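> Please find the sequence and the predicted model below.
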Amino acid sequence: MVKAIAIITVSDSCFKDNSKDKSGPALFDFITEKYPEANVHTIIVPDEKEIIERELKYFCNSNIDLILTTGGTGLSPRDVTPEATRAVIQKEVPAITTAMTIESLKKTPMAMLSRAVAGIKDRTLIINFPGSEKAVTECIHVVKGVLSHAISLINNELVEVRSIHDKMQVDHLCPHKMNSKVDISKVALRPRESPYPMLEMSEAFNIVDAVMLQWEECIENIPIENAVGKVVAQEIIAKEPMPPFPASVKDGYACLSLDGAGVRKVRAAISAGENNFTRLGPGECARVNTGAPLPLGADCVVQVEDTKLIKASSDNQTELEIEVLVAPQAHQDVRAIGFDIPIGAILAEKGDVIDAAQIGMLAGAGYQSIPVIAVPKVAIMSTGNELQEPSEKILRPSHIRDSNRIMLKALLKEHGYDCIDCGIARDDPTELAAAIAHALPRTDVLVCTGGVSMGDRDLLKPVLINDFGATIHFGRVRMKPGKPSTFATCQYEGKIKYIFALPGNPVSAYVCCLLLVLRALRGCTRHCGDFARLSVRLSHDVPLDARPEYARAVLRFPAAPDLPHAALLGNQCSSRLLSACGASVLLELPPASDSLKQLDAGTTVSALITGRIDLTRL
Ligand SMILES: Nc1nc2c(c(=O)[nH]1)N[C@H]1C(S)=C(S)[C@@H](COP(=O)(O)OP(=O)(O)OC[C@H]3O[C@@H](n4cnc5c(N)ncnc54)[C@H](O)[C@@H]3O)O[C@H]1N2
Ligand code: MOO
Ligand SMILES: [Mg+2]
């Protein structure tokens, strides 16, 4: 990671009048855009070897990752930047400056006259750039692609280095990298109407269900601590009883029920976890705690509250006699062997979705791992030239932060599915194809957002068709939000890949992930991807859209017996993610018709339970 950068302008004239410095600011602008998180230091020094050397050493000793110098690389007597740099570096990296020279030579033969040097001192990479603003701008573009990787290598950052090598390998292997077959040059010829028929929701659901039948179920054994939300693949039987010994349910005295009420001699004291071989005879009892084993001969427990102390040892450390005040019944307050779980009991049925209690029970029964139905691997990718990582400090003009990717990862996690992150792909056919080719070998299901509607940069469908031979099962659905939702499959490296290309609008992505992606994933393991439905009453009037709408709502529960009341989460525009925050349900609103333009407050509607339902009283 590039955390700290220094830019040194080397020039006698700029040292005297810093307003003359144009190359330093050009480097600064470039660097702050490329590394918005990095600390950037700038200084101007005269063409003096000792001073340049001193400043280079100072920055190298100050944990600076990258030093870019500009100026002083030419042939005039005062040009000494390369000499100062050579005096500081321990290893030269000549190909960096060679690459800059080759590129600059394409523009001007004067490039032959630069003597720039690049090299490493300890953990700092130093690169000399020429002095002119134009040359600096050209040269920085030559090296920009290798800077981060070079610094990772210098710092031995193995994880980053490996991921870059991995990506290089994929780029190399990817036949789509160099030329997508999609031609975007003839924008005037783009379709003015979507070629995809508008399917009804029920048709889209049927297609998803039918296509996902191709998913080949396989079973994997996983540790029970990872099993929550997973679907049990085979019946699981208790191999040992719970409890494995007759256990007391109360803190009290183990007795013989035939003795009835009356005074008992206290023969023993048994705590939970203690093994005691005392055999009780008539008129005897043993003090026991909850969970302790009963002594031989005992058939009931009398709770301490139903007894009285008759006699204790003189130091009060031992109870000698107690009186049972209420005659006990046989088996009273005793869990017999196998009371909770008899041997052979079914602990989990095939198809059960494992929850916390079941994990506890399986652990109690001695299971450490269980067979579950493997879930498909899922990858998430965003597309869009306007997108930046949410972590970037500076938002460039006309850009937005990518909210879909992290949201969809969280949404899938909420529903028990992990996924890998395939980053942001640009709206360019070749880059999109490369990103998809990078993702497909790693996943069964690829979920992308953006680029599926009618814009000339909405390239996902053409790239899927032309570069991956994909079959588009649907490309438009009569739903709000989510109209351009796309579902495709393709064969990749001999395996079928399922691709959900969801609309870029964040709420559309959210709703379509719930209704289509989760339907598919749940369907693979549970054979039914539907969410449960609830009848709810609208708290307020709701205008209807021309398309069937999935409105995000919260529920309130009336004190008197009535259906839960549903209130929409504000404006339902598909870019407004606030309308999904805290939503418990998606209301299934019908489309508007000539006779019905709105649903009045109090109307009963169907709600899909897609989120958490917390009890909020009206
Ligand atoms: N001429 C037409 N234009 C549009 C139509 C149409 O039928 N005809 N459909 C509209 C509908 S409905 C939707 S939904 C959107 C879907 O657009 P795309 O899937 O092509 O997505 P983009 O154009 O890439 O982006 C749309 C919107 O979402 C923002 N976006 C995209 N990705 C992200 C992200 N990862 N995080 C946050 N926001 C994101 C993007 O900036 C756009 O504002 O098309 C309508 N247009
Ligand atoms: O279908 Mo779009 O998702 O309305 O905005
Ligand atoms: Mg679009």
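Arrived safely. Ligands and ions are numbered 1, 2, ... in the order given.

> How many residues are close by Ile346?
Look at Ile346: counted by other Cβ atoms under 10 Å, it has 12 neighbours. Where C-beta positions appear, they are placed from N, C-alpha and C, glycine not excepted.

> same question, Met100
By other Cβ under 10 Å, the residues close to Met100 number 26.

> secondary structure element for it?
In this structure, Met100 is located in helix 94-105 according to DSSP states H and E.

> helices or strands up against the helix or strand following that helix?
Remark: after helix 94-105, the chain's next helix or strand is strand 118-121, criterion DSSP H and E. Based on contacts counted as 3 or more Cβ pairs under 8 Å, 6 or more residues apart in numbering; DSSP states H and E, the elements that strand 118-121 packs against are helix 49-60, helix 81-88, strand 91-92, helix 94-105, strand 124-129.

> Of those, give the one that comes closest to ligand 2.
helix 94-105 (44.3 Å; Cβ to the nearest ligand atom).

> sorry, back to before: buried ones in the helix holding Met100, by neighbour count?
Ile96, Thr97, Met100, Thr101, Ser104 (16 or more other Cβ atoms under 10 Å).

> Check whether the strand or helix carrying Leu555 comes near ligand 2.
Following DSSP H and E, the helix or strand that holds Leu555 is strand 549-556. No - for strand 549-556, no contact with ligand 2 is found by Cβ under 6 Å from any ligand atom; the gap never falls below 9.1 Å.

> From Ala6, how far off is the residue of the stretch 101-250 of the chain found nearest ligand 2?
Of all residues in the stretch 101-250 of the chain, Met198 sits closest to ligand 2, at 11.0 Å by Cβ to the nearest ligand atom. According to Cβ to Cβ, to the nearest Å, Met198 stands 58 Å off from Ala6.

> for Pro342, same thing?
Pro342 sits 74 Å away from Ala6, going by Cβ to Cβ.

> Those two: which is more packed in?
Ala6 (24 against 12).

> who's in contact with the more buried one?
Val40, His41, Thr42, Ile43, Phe59, Ile64, Leu66, Ile67, Leu68 (Cβ atoms under 8 Å, 6 or more residues apart in numbering).

> please redo it, this time with the cut-off set to 6 Å
Applying Cβ atoms under 6 Å, 6 or more residues apart in numbering to Ala6 gives the contacts His41, Phe59, Ile64, Ile67.

> Within the helices and strands, which one has it?
Using DSSP H and E, Ala6 falls in strand 4-10.

> so how far is that strand off the chain centroid?
Relative to its chain's centre, strand 4-10 lies at 38 Å (Cα atoms, centre = their mean, to the nearest Å).

> Report the buried residues of the very next helix or strand once past it.
Per DSSP H and E, the first helix or strand lying C-terminal to strand 4-10 is helix 12-16. Buried residues in helix 12-16, counted by 16+ other Cβ under 10 Å: Cys14, Phe15.

> next one: stretch 587-601
For stretch 587-601, by 16+ other Cβ under 10 Å, it's Leu587, Leu589, Ala592, Leu599.

> what are the phi and psi values for the first one?
Here the main-chain torsion angles of Leu587 (degrees, to the nearest 10) amount to phi -80, psi 140.

> thinking again about what came up before, CA atoms of the strand holding Leu555 as CSV?
Provided in CSV are the C-alpha atoms of strand 549-556 (Å, rounded to 0.1, in the frame of the first residue of the first chain):
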residue,chain,number,x,y,z
GLU,A,549,-44.6,-2.9,-7.0
TYR,A,550,-42.6,-4.3,-4.1
ALA,A,551,-42.8,-1.6,-1.5
ARG,A,552,-40.5,-1.6,1.4
ALA,A,553,-42.4,-1.3,4.7
VAL,A,554,-42.2,-1.6,8.5
LEU,A,555,-44.8,-3.4,10.6
ARG,A,556,-46.5,-2.2,13.7
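
> Thanks again, I'm all set now.
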